[in-house]
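Participant: Below is the sequence, then the predicted model.
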Amino acid sequence: MDNIDIALIKQMQISADLSLAELSRRVGISKTACWNRIQRMEERGLILGKQVLLNRYILGLHVVVFLSITVGRHSIDWVDKFTAVTEQFPEIVEVHRLTGEGADYQLKIVCPSIESYDVFQQKLIGKIDFTSMSTKISLKQIKNSYLFPLSHLENATK
């Protein structure tokens, strides 16, 4: 990855719907070279796709819940089943396996109301084997960014 690739992904992170002509103009290369670089980054798995960011409030998804789950056993079968269960629920927008004290897994869940979260949680409880759960409700989102920091890549190309 060189400085041009970094410039491309910076621009694409900010606005993935830029035309090829505008993107190539912003980074100072031809449209063909730009398209070829994007294709290579997609083939390498660097670019996973392009998505539209939606306003969850306008969609009526006012509640964000962080659900911590502690499990008694950490078998491969359990993890596979847990992963499959999390894929069944579109309300679960992130899942993280954790290290350190406390929970083993952290789920980020979005839903329209506390009542709908309660219904969701009861369904989830019936599908997974766990030791304990702890729910934290977000009162206010202070920062939510989908832009990855890239300065470490810029320093590596110098």
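Facilitator: Sure thing, it's come through. Residues are numbered from 1 along each chain as shown.
Participant: what's the domain layout of the chain?
Facilitator: Domain segmentation of the chain under automatic domain parsing yields 3-52, 63-137.
Participant: For F148, find the nearest of those domains.
Facilitator: Minimum separation from F148 across the domains of the chain (CB to CB) falls at domain 3-52, 6.8 Å. Yep, even glycine has a C-beta here, placed from its N, CA and C like the rest.
Participant: Could you check how far the closest one is from the centre of its chain?
Facilitator: Here the centre of domain 3-52 is set off from its chain's centre by 20 Å, with CA atoms, centre = their mean, to the nearest Å.
Participant: Quick check: end-to-end length of it?
Facilitator: End-to-end distance of domain 3-52 (CA to CA, to the nearest Å): 26 Å.
Participant: Just put the domains of the chain in a markdown table and tack on distance to E154 and mean neighbour count.
Facilitator: Formatted as a markdown table, these follow (distance: least, CB to CB, whole Å; neighbours: other CB atoms under 10 Å):
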| stretch | distance to E154 | mean neighbour count |
| --- | --- | --- |
| domain 3-52 | 6 | 14 |
| domain 63-137 | 27 | 14 |
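Participant: Among the ones you listed, single out whichever gets nearest to L147.
Facilitator: L147 lies closest, by CB to CB, to one member of the domains of the chain: domain 3-52, at 4.9 Å.
Participant: pLDDT averaged over that closest one - what is it?
Facilitator: The pLDDT scores in domain 3-52 average 94.
Participant: which non-adjacent residue is nearest the residue nearest to the spatial centre of the chain?
Facilitator: The residue lying closest to the centre of the chain (CA atoms, centre = their mean) is E94, at 6.1 Å. With sequence-adjacent residues excluded and distances taken as CB to CB, 6 or more residues apart in numbering, E94 is closest to K108, at 3.9 Å.
Participant: Am I right that the one you found sits in a strand?
Facilitator: Yes. Counting by DSSP: H, G, I helix; E, B strand; the rest coil, K108 is found in a strand.
Participant: For the nearest residue to D17 once chain neighbours are set aside, list the residues it contacts.
Facilitator: Of all residues not flanking D17 in the chain, K50 sits nearest, at 7.5 Å (CB to CB, 6+ apart). Residues near K50 by CB atoms under 8 Å, 6 or more residues apart in numbering: M12, A16, D17.
Participant: Can you give me the distance of the last one to T83?
Facilitator: Applying CB to CB, to the nearest Å, the value for D17 to T83 is 31 Å.
Participant: Please apply the same query to the first one.
Facilitator: Computed as CB to CB, the M12 to T83 distance reads 29 Å.
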